[in-house]
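Q: Sequence plus the predicted model coming up.
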Amino acid sequence: MSPESQKTFTGRTRQRKTRLRVRASDTAARALISVGGIGTIVAVSTVFLYLLWVVWPVFQPPKVDQAKDVSLAARQVLRVGVDEYRVLGWTLTADGTLTAFRLGDAGRIESRELGGSAKPTAWAFSIDGTQVLMGFADGTVRLAHVGFTAKLVDDTDVPVEHRNLHPGRQQAVEGGVLVRLEEAFRLHRLQVVLDEPLKIAPGRRIELLDRVDRPTGPILAALSDDNQLHIRSVRKVENMLTGETTYRLSGGKLDLTPHVQQGRPMRLLLSSTGDSVFAAWSNGRLLRFDTRDLNNPRLVEQVNLLGDASLALTRLDWLLGRGTLLAGDSAGRLRAWFRTRVKNEDEGGDGWALVCGQELASPGSAVTAVDSSTRARLAAVGYAGGQVRLFHVTTGNLLVDVRACEGPRGVDAVTVAPKDDAIVALAGGQLHSWGVDLGHPEATMASLFAPVWYEGEPRPAHIWQSSSGDDAFEPKLGMWPLIFGTIKATFYSLIFGMPLALLAAIYTSEFLHPRLRSRVKPTIELMASLPSVVLGFLAALVLAPLVEGVVPAVLTGIFSVPFVILLGAHLWQLLPGGFTRRLAPYRLLFILPTLPAGVLLAWWAGPVLERWFFLGDIKQWLAGNQGSSVGGWLILLLPLAGAAVAIVNSVVVVGWTRRLGAGFDRTGLAVLELGRFVLSAVAAVALALLLSNVLAHLGWDLRGGDSVLGPYVQRNALVVGFIMGFAIIPIIYTIAEDALSIVPEHLRAASLGAGATPWQTAVRIIIPAAMSGLFSAVMVGLGRAVGETMIVLMAAGGTPVMEWNLFNGFRTLSANIAIEMPEAAKDSTHYRTLFLAALVLFVMTFLVNTLAEVVRLRFRKKAYQL
Amino acid sequence: MSTVETIPPQAQPQPRALPRRRRMLSASLPAAGEPMVWLTGGSLLICLLMIIGLLALVLWNGMSTFWPQGLVQVRTLTGKTLLGEVTREETYTPGPDALDELGQAAAQARARLEAQGGQAVRRLLRTGNFDLTNTHFTWIHDFTIDRQDRPEWAMVVERQSWGRFYGALAGFAIDGKEQAQTPAEAWDLFNRHHDEVRRRFQQRRLLETDQIGQVNRALEDARLAVREAELDSGRGSQAWQKAQARFLKVEGWSREEFAHITGQIQQLNAENDRYKLRMRTADGKDATIALADVVRAYPANRLDFWGKLGVYGSRAWEFLSDVPREANSEGGVFPAIFGTVLMTLIMSLAVVPLGVLAALYLREYAKAGPVVSAVRIAVNNLAGVPSIVFGVFGLGFFCYGIGSWIDAGPQTAWPRWVWYGSLGVLGGVLGAALLVGSIAWRRPHPSQGRRSPAWGYLALALWLATVLLAVAMVAKSPFFHGFYRARLPNPTFGKGALIWGSFTLALLTLPVVIVATEEALAAVPNSMREGSYACGGSKWQTIRRIVLPRAMPGILTGTILAMARGAGEVAPLMLVGAVKYVPELPVDSSFPFGANKSFMHLGFHIYDVGFQSQNSEASKPMVFTATLLLIAIIAVLNLAAITLRSRLRKKFVTNQF
């Protein structure tokens, strides 16, 4: 029998081979659909991978290149500097000689005496090293600006012999270095500008000095050899007529003689705003003088930076921003000290105290050189043992650990290149440079998720404050406040939305007339498609101002509305049985009036309760510690007492009433029930009042930093909870209703047939059967609340604080992304941290949703098996 | 429910049967749980009332925004006179220092306040005239009012800038000469001249935006051509010189063109400047308003119902058809409507084919198993991933990734040898994929039984590797330097843009379409497919002729739901292209047809005007109207989907076999 054709009983020859066109189109369709389908699914799942890919570099360790060493002979080097192209460098020696050289081969370009003929007796440097301040034996100080210029030069302006230089190569020329670029040349030169000398301590030798720039003009601090501390503010005055500029000095001085018994201090430092002067001795003693009033400096604090008498202070320098002191000692420890607010005014303090926030790991030999980066809170440290380390001071992270030399002399000077892309150290007559790629030193697992001791804070804390206009700003990238805000928003919205949605779903599926159900369900589903920007707008501009005026009434309403509904039900039971049974389908119509009644009750009772418990003004009560704390406890305990009374009712009292009412007719029973309800309500209130009073007498108060009550802010968790609850109601409702109505009809019929009432059927049969479906409904609602953006963006106030306070705002992960993402520079740490926030959100919702989905599928299977 | 009789006697095993136990209806009273039922019913009612209340609030506020109100002139006890519209009224208890600033009139006010029992009513009067008073709103307390009336010729003048002006009509000047003796005459003159003056104004605006814009664009194109030639073949090359020459020519032409257009504009301005509306404010100051600056003016207290309706209609039309003015707080939202609709359309163009393909694959082609159900769960879950996450992805991937690549080529290209090397690898992987694929796809011989699925997975992995490598090679190509290099550092595609917004939302709504399509495909009874196969239909024929037509309404429903979700989504758009104000529509006559432009979006407009606006009290009504519009668009889309869905269900209820 040939497979191609076959005689059928009709006698026609059937073509068994499928036509080519059909086969081709079938294959093409299969290919297209497979490729498109798989491609689409893969593309969608790349969202997660892409987020991960962007976040990944944050956790990468820094990369360090091999050291480049050139020999450079210099003695007693005070400081090394490098230009931002890493072409030129300079050294400054203690005799005042500034030498510029090429970084590549240490070839000298020029030298000059900064102080002229006079030898400086004291030095001070700005953080970036470009301003060098010298003090002299005659009591004058002089500022030198040391910098580099880089200017583009056309081919024609370059000496003929250098014109055919290869791109990227450099050539030393008179007074500088010529670098060949693709299209032109760049000429690098050293530039030194000297300011006018200023007389600070006439006739006295200046021993120590420091200088800061303020918008109003610089401030100088100097210690002269007669142990006088001079504080001077310098103002430039321009004579309009002659065009002459003169400097006007003002300020006072302080006699340090009583403090110099053990010798002169080794360092004198000025804080960033010039409001404090620090003097440190090599035994670790540090005195802090308050110089807010320049004319009357006064001693306000005295600490020991080392805490160990056997050690010596070897270095004391500012970190970027002049807010953190880096104290290096002979044991190799480098400790970061900064001021934090305390209450010490009455003990002669100025409200601040120095604390040690960070100790950077020691390699075991003394600190000999410290330099701060000019763009980040990085400190490069050189040690006597020849090690060079780079730390991120905020996190205490050791980023780079290299060795410059072996030998006793150790590292003479160290500096971080202006772009943070290299470390340069001078040790043992050699200049060592390491190219580094630091990546994102300010973000580590620890700094993102563990408390960090930021500058100026009294203790380690979780803080999110990602950017500021100031260069010296310390980015605070603690994610917890945002995650906390997300959880807070979810919690309060679930508290409001979940019971409403679940109860509504139960009524819809069990008690609502089917025809009405087909109307009601789409209406609530329509609510799901309301754009959240609309809800956010209504929350912030309509609801928030509205609620602000009637806080007590809103709080009362939470209790009064259910109370009135229940009261209505008990009154309804007083009606004859036949009547109520016939009207049961129209029950909603009779429930309806109880809602406004409850609201009216709240409206009326709110102000009364406010007078009783909250001093007549709840906002004032919340803000301060006035009045008794009973009211606050009452808010918290009333629902708990209600629940407790309900449990007692269902366990104990029900039996009593059943026995008591055994012989009663329906009306009698209804009266009995009503009495029971009223007594229960009274009992709940009495119990709550009693407990509140007890707790208040114990001195516990719900108002306070970490508690659920606190100062009132217009855009707060109450408003967000309400509106976001509104947003998640339709989701929970729809899924829960589906879960309830998917429970097989025969279960319902069997239960009703066995004589159970519809309510008993619902509670004992349907809800247990649908439990996992209800759970997944709540989970999906939770997932939506976690990621909701616009509502919290508009109505939550946006401050990233960690407080459970119902009346305060917060900032969620999503709102934070929406606020900060447009300003984050691409590939910056901030940008990647925001991607991390997105990733955290993604993972949170994905987990919650997967859980819900798995539970739901299980449940469906179970429901089909029933 | 008399089931008792049907139970056979032996089914009652209790020895101590209670024969006299009477069933009591009343005993079921606590069991009926009526109070709890009421609680559930109350919850449902609260949900329903909240929705209805919210919609009613938006509807009422949105609809009443444009209705013109009468003007009230109030003289206070301190002698100030104010004219304006009452926007809000509330009862409050004045504090003790409320009377402080009244001076001598304090006694009188106190007496009144005491007569009212300490309660007072205050009204927020919109007084406008921001250029004169530096305020838009003033609170009026009822105990400080001396006299209050509704002047007949009090006018509301909506201006092009500085917001509204409230004042009495004083006259109408042409060429600086007063033409009207009475306000009625001035009003006549205003009506006679306003239309033509506005027509000239619109003409001028058209000249400014369109014509000058065209010239500018030509000039910019020429400049870019020069830059491009410089980048391609170097400064001073032949191509560069040619481009430079052309640029100089265009520059000359544009100068002439500018002069010409400016002349026209000046002419129109000069003509318009002849007409001036003269007004007097409530406190007696004279003010002159150029007629061209008046968008709309009406004597509020003289309008009858039809007059008010006319103003209402004119404002509503302006809202729908015009661009915003006054920092988005006045005027229209046409660019936002256009942006929303266009973005939603592009989004659905992108999302529907992909979503349908993925659903077809999952439902019709993929073999059901743990992998497919895992994929299905994952797709379902993506629908629950926060929209802002998609926004972050869109910004990073589309704007900064693909967009920058289009602009400037790869940021860090592979060296050539790596690229050529990977070309070789690509060839190898492709060959392996083809080979393994052909093994995996070959129909197994019946005698061999089932082939292990490992071949299929291997083929899939190889194909994925091929695609990934190819994509990487394109993304890191050392030979490509961007299509818009000349425009750098200004990004062309490497920023928020209409197309990126649409793509981001497409990704966001993809799960919606996949899930809906899958459901629709699953709803097609298997018997229909089997029937088709039995008739000799191939798989694709079955899908095309039998399955897809039946599933079409469901797919459409999914599409519409996706559009509704996309139209209302704001958070991701804040990152990928929606901006507060671009009056130009994001369309263009030449490539890329405006796809790279930023756009306005209704949802973002609501956020922006409600939150970033300087004068939030005045813009609140506009926000309500925009909200109403957005809700209306989404409701229409949703209702369409719901209707389709119920039709689809009905169809299959009758078609089930």
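A: Yes, it's here.

Q: So which residues on the stretch 301-450 of chain B come close to chain A?
A: B:353-355, B:357-362, B:364-366, B:375, B:377-382, B:384-393, B:395-397, B:400 (Cβ under 8 Å from any Cβ of the partner chain). Where you see a C-beta, it was placed from the backbone N, CA and C, and this is true even at glycine.

Q: In strands only, show me those.
A: Among these, DSSP state E puts none in strands.

Q: In helices, which of those appear?
A: Those of those mapping onto helices are B:353-355, B:357-360, B:375, B:377-382, B:387-393, per DSSP state H.

Q: From those residues, list just the buried residues.
A: B:354-355, B:357-360, B:375, B:377-382, B:387-393 (16 or more other Cβ atoms under 10 Å in any protein chain shown).

Q: Direction included, what does the lengthiest strand in chain A pair up with?
A: Longest strand of chain A, by residue count under DSSP E: strand A:140-153. Paired strands of strand A:140-153, with direction, are strand A:131-135 (antiparallel), strand A:185-194 (antiparallel), strand A:198-199 (antiparallel) (DSSP bridges).

Q: as a whole number, average confidence for that strand?
A: Averaging pLDDT along strand A:140-153 yields 87.

Q: Any stretches of chain B with poor pLDDT?
A: Across chain B, the ranges flagged by pLDDT under 70 are B:1-28, B:441, B:443-452, B:614-615, B:648-657.

Q: circling back: most tightly surrounded among the strands paired with strand A:140-153?
A: Among these, ranked by average contacts under mean count of other Cβ atoms under 10 Å in any protein chain shown, first place goes to strand A:131-135 (a mean of 23).

Q: From the chain's centroid, how far away is that one?
A: The chain centre lies 39 Å from the centre of strand A:131-135; the measure is Cα atoms, centre = their mean, to the nearest Å.

Q: Could you do stretch B:565-576 as well?
A: Put simply, stretch B:565-576 sits 7 Å off its chain's centre (Cα atoms, centre = their mean).

Q: Compute the first-to-last residue distance for stretch A:204-220.
A: End-to-end span of stretch A:204-220 (Cα to Cα, to the nearest Å): 16 Å.

Q: Do a quick rundown of the helices in the stretch 201-350 of chain B.
A: Secondary structure of the stretch 201-350 of chain B by DSSP state H, counting those that start in this stretch: the helices cover B:212-233, B:238-272, B:305-321, B:334-360.

Q: The stretch 551-657 of chain B too?
A: Assigned by DSSP H, counting those that start in this stretch, the helices in the stretch 551-657 of chain B fall at B:571-576, B:602-611, B:616-655.

Q: Buried ones in the last one, by neighbour count?
A: Translated: helix B:616-655. In helix B:616-655, counting by 16+ other Cβ under 10 Å, buried: B:618-631, B:633-634, B:637-638, B:640-642, B:644-645, B:648, B:652.

Q: That helix close to chain A?
A: Yes. For helix B:616-655, a contact with chain A is found by Cβ under 8 Å from any Cβ, at B:Ser616, B:Lys620, B:Val623, B:Thr627, B:Leu630, B:Ile631, B:Ile634, B:Ala635, B:Asn638, B:Ile642.

Q: Show me what the residue positioned nearest the centre of chain A is bridged to.
A: In chain A, the centroid-proximal residue (Cα atoms, centre = their mean) is A:Trp464; its distance is 2.1 Å. When assigned by DSSP bridges, A:Trp464 has beta-bridge partners A:Leu477.

Q: ok, it touching A:Thr812?
A: No. Taking contacts as Cβ atoms under 8 Å, A:Trp464 lies outside contact range of A:Thr812: 11.2 Å.

Q: Overlap of the contact sets of those two?
A: Counting by Cβ atoms under 8 Å, 6 or more residues apart in numbering or on different chains, the shared contacts of A:Trp464 and A:Thr812 are A:Leu482.

Q: mind listing what A:Phe677 touches?
A: A:Phe677 touches A:Leu566, A:Leu567, A:His570, B:Pro35, counting by Cβ under 8 Å, 6+ apart.

Q: now the residues you listed in CSV, with distance to A:Gly135?
A: Compiled in CSV, those are given as follows (distance: Cβ to Cβ, whole Å):
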residue, distance to A:Gly135
A:Leu566, 84
A:Leu567, 86
A:His570, 90
B:Pro35, 88
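
Q: Check those and tell me the two furthest apart.
A: With Cβ to Cβ as the measure, no two of these lie farther apart than A:Leu567 and B:Pro35, at 8.8 Å.

Q: gap between the residue of the stretch 51-200 of chain A found nearest chain B and A:Met479?
A: In the stretch 51-200 of chain A, no residue comes nearer to chain B than A:Val54, which is 5.6 Å away by Cβ to the nearest Cβ. Counting by Cβ to Cβ, to the nearest Å, the separation of A:Val54 from A:Met479 is 16 Å.

Q: Look at the two and report which has more neighbours.
A: Taking other Cβ atoms under 10 Å in any protein chain shown, A:Val54 and A:Met479 do not tie; A:Val54 has more neighbours (24 against 20).

Q: And for the residue lying closest to that one once chain neighbours are set aside, the neighbour number?
A: Computed as Cβ to Cβ, 6 or more residues apart in numbering or on different chains, the closest residue to A:Val54 that is not its neighbour in sequence is A:Phe835, at 4.4 Å. A:Phe835 has 26 neighbours, counted by other Cβ under 10 Å.

Q: Hmm, B:Tyr400 and A:Phe835 touching each other?
A: No. Using Cβ under 8 Å, A:Phe835 makes no contact with B:Tyr400, being 11.1 Å away.

Q: Provide a list of residues in contact with residue 576.
A: No chain was given, so I picked chain A. Counting by Cβ under 8 Å, 6+ apart, A:Pro576 touches A:Arg666, A:Thr667.

Q: I was thinking of chain B, sorry if that wasn't clear
A: B:Gly391, B:Gly394, B:Leu395, B:Phe398, B:Cys399, B:Gly496, B:Ala497, B:Trp500, B:Gly501, B:Thr504.

Q: which residues touch the first one?
A: Translated: B:Gly391. Going by Cβ under 8 Å, 6+ apart, B:Gly391 touches A:Ile817, A:Ala818, A:Met821, B:Thr504, B:Ala571, B:Pro572, B:Leu573, B:Met574, B:Leu575, B:Val576.

Q: and the second one, helix, strand or coil?
A: Following DSSP: H, G, I helix; E, B strand; the rest coil, we place A:Ala818 in the helix state.
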